[in-house]
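Engineer: The following block contains a protein sequence and its predicted model.
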Amino acid sequence: MSDAPISTAVKLAPPGAGLPKPEWFIARLIFGWFRRARSRGDLAAMFEEERERILLLAGSCDPANGTRRTLIKRLPGLEDSSRDWSVFMTLEHLRTAARYRHPWFGPLDAAGWHAMAAFHLRLHRKQVEAILAAMQR
């Protein structure tokens, strides 16, 4: 199969249409297995590796090409509407500009929730240490 872009005459599904039902079902099974089969450390390492790889790819792309929308064949797990994006559109998507409300700190984006998770784990690790220390008295 060629990696060359396909014809732009193709009509794409609307954003949010999701995956075809059989693929969605299989994706849910694979994702469930994927989560259970890997440790948090493995997932963190994979995240960092993928982040570094995409940053290298993006860094090799000049601004004119970075903004050029290019229609590609649909990859397994990729929504149809996401096939006609530019490199920069894809990077913007990975930035997760959507915000979800935290009860104390207000709306947080993905980076905010990531920081919150680290802070939250540290706080409760200290709590466990304090509980264990108090039990030793």
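Structural biologist: All right, it came through fine. What you see is a predicted model, and the numbers here were worked out from it, not measured in a lab.
Engineer: From now on I want contacts and neighbour counts done on CA atoms only, so please keep to that.
Structural biologist: Will do.
Engineer: What segments of the chain are helices?
Structural biologist: 21-37, 40-59, 63-66, 87-94, 110-136 (DSSP state H).
Engineer: Which one of those lies nearest to residue 102?
Structural biologist: Among these, the nearest to residue 102 by Cα to Cα is helix 110-136 (8.6 Å).
Engineer: Show me what counts as buried in the closest one.
Structural biologist: residue 113 (16 or more other Cα atoms under 10 Å).
Engineer: mean confidence score for it?
Structural biologist: On average, the pLDDT along helix 110-136 is 88.
Engineer: which helices and strands does that helix pack with?
Structural biologist: Helices and strands touching helix 110-136, by 3 or more Cα pairs under 8 Å, 6 or more residues apart in numbering; DSSP states H and E: there are none.
Engineer: What angle do helix 87-94 and that helix make with each other?
Structural biologist: Per axes from the mean of the first three to the mean of the last three Cα atoms, to 10 degrees, the angle that helix 110-136 makes with helix 87-94 is 30 degrees.
Engineer: got the CA positions of stretch 102-112 in PDB?
Structural biologist: Backbone C-alpha positions of stretch 102-112 (Å, rounded to 0.1, in the frame of the first residue of the first chain) are rendered in PDB as follows:
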ATOM      1  CA  HIS A 102     -11.800  20.700  38.500                       C
ATOM      2  CA  PRO A 103     -13.900  21.400  41.700                       C
ATOM      3  CA  TRP A 104     -11.200  23.500  43.300                       C
ATOM      4  CA  PHE A 105      -9.000  24.900  40.500                       C
ATOM      5  CA  GLY A 106     -11.600  25.500  37.800                       C
ATOM      6  CA  PRO A 107     -11.200  24.500  34.100                       C
ATOM      7  CA  LEU A 108      -8.000  22.600  33.300                       C
ATOM      8  CA  ASP A 109      -6.700  21.500  30.000                       C
ATOM      9  CA  ALA A 110      -4.800  18.100  29.500                       C
ATOM     10  CA  ALA A 111      -1.500  19.700  30.700                       C
ATOM     11  CA  GLY A 112      -3.300  21.000  33.800                       C
END
